[in-house]
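I would like the atomic coordinates for the input below:
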Amino acid sequence: MLSLRSAEGAEAIYHDRVLRTTPEHLRGTWRFLDLTAPRLAELAALDGAGFRTMFTGSPIKRIGRDRFVRNVLIAIGNSGDPHLASVAAGLTADRNPVVAEAAAWACDRLAGAGT
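I've put the predicted structure just below:
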């Protein structure tokens with residue numbers, strides 16, 4: 001499954017569909033407003049409580065922390081930014097196997113970006 005991911009740049013893959021389907025008047029109610037240039041390292045570091053706090057009132061909250069962080073890790077891997085490799089490496093031992101697998105994929109992807 002991971003091998004099917006294509007490089008789409010560092011766009012915020014995890015919220016693209018949400019932004020296209022959320023009415024404009026609801027977008028301003030989110031606690032995390034800057035979704036056009038997300039801070040991937042900060043988003044990847046969210047634990048369950050931090051995720052729920054940040055996205056209270058947002059449709060993003062429905063996917064849950066683990067799937068959200070998985071998507072952030074895909075964006076990290078596609079970013080080509082070697083500075084994010086340590087962020088991905090730190091999540092390879094995540095309690096959730098989907099997050100851990102995405103973190104390993106991001107590490108491999110970033111390791112290949114420098115060649």
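
now the strands for the chain?
For the chain, applying DSSP state E gives no strands.

ends of stretch 87-97, how far apart?
Taking CA to CA, to the nearest Å, the first and last residues of stretch 87-97 lie 16 Å apart.

enumerate the positions of it that are buried.
87, 88, 91, 92, 94, 96 (16 or more other CB atoms under 10 Å). Backbone N, C-alpha and C define where each C-beta goes, glycine included.

and the pLDDT at the fourth one?
The model reports residue 92 with a pLDDT of 98.

contacts only, for the nearest residue to it once chain neighbours are set aside.
Distances taken as CB to CB, 6 or more residues apart in numbering put residue 103 closest to residue 92, at 4.5 Å, once the chain neighbours are dropped. Going by CB atoms under 8 Å, 6 or more residues apart in numbering, residue 103 touches 73, 88, 89, 90, 91, 92, 94.

turn the buried residues of stretch 87-97 into TSV, including distance to residue 53.
Below are the buried residues of stretch 87-97 laid out as TSV (distance: CB to CB, whole Å):
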residue	distance to residue 53
87	20
88	23
91	19
92	25
94	19
96	19
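
would you map the helices across the chain?
In the chain, the segments counted as helices under DSSP state H are 16-21, 24-27, 40-44, 48-54, 64-79, 85-90, 97-113.

tell me the angle the fifth one makes with helix 97-113.
Taking axes from the mean of the first three to the mean of the last three CA atoms, to 10 degrees, one finds that helix 64-79 is oriented at 10 degrees with respect to helix 97-113.

give the other helices and strands that helix 64-79 contacts.
When contacts are defined as 3 or more CB pairs under 8 Å, 6 or more residues apart in numbering; DSSP states H and E, helix 64-79 sits against helix 40-44, helix 48-54, helix 85-90, helix 97-113.

quick check: buried residues in it?
65-79.

please apply the same query to the fourth one.
Of the residues in helix 48-54, those scored as buried under the neighbour-count criterion (16+ other CB under 10 Å) are 51, 54.

pLDDT averaged over it - what is it?
If you average the pLDDT values across helix 48-54, you get 92.

sorry, back to before: turn the helices and strands packed on helix 64-79 into JSON lines, including distance to residue 60.
Below are the helices and strands packed on helix 64-79 laid out as JSON lines (distance: least, CB to CB, whole Å):
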{"stretch": "helix 40-44", "distance to residue 60": "10"}
{"stretch": "helix 48-54", "distance to residue 60": "9"}
{"stretch": "helix 85-90", "distance to residue 60": "19"}
{"stretch": "helix 97-113", "distance to residue 60": "16"}
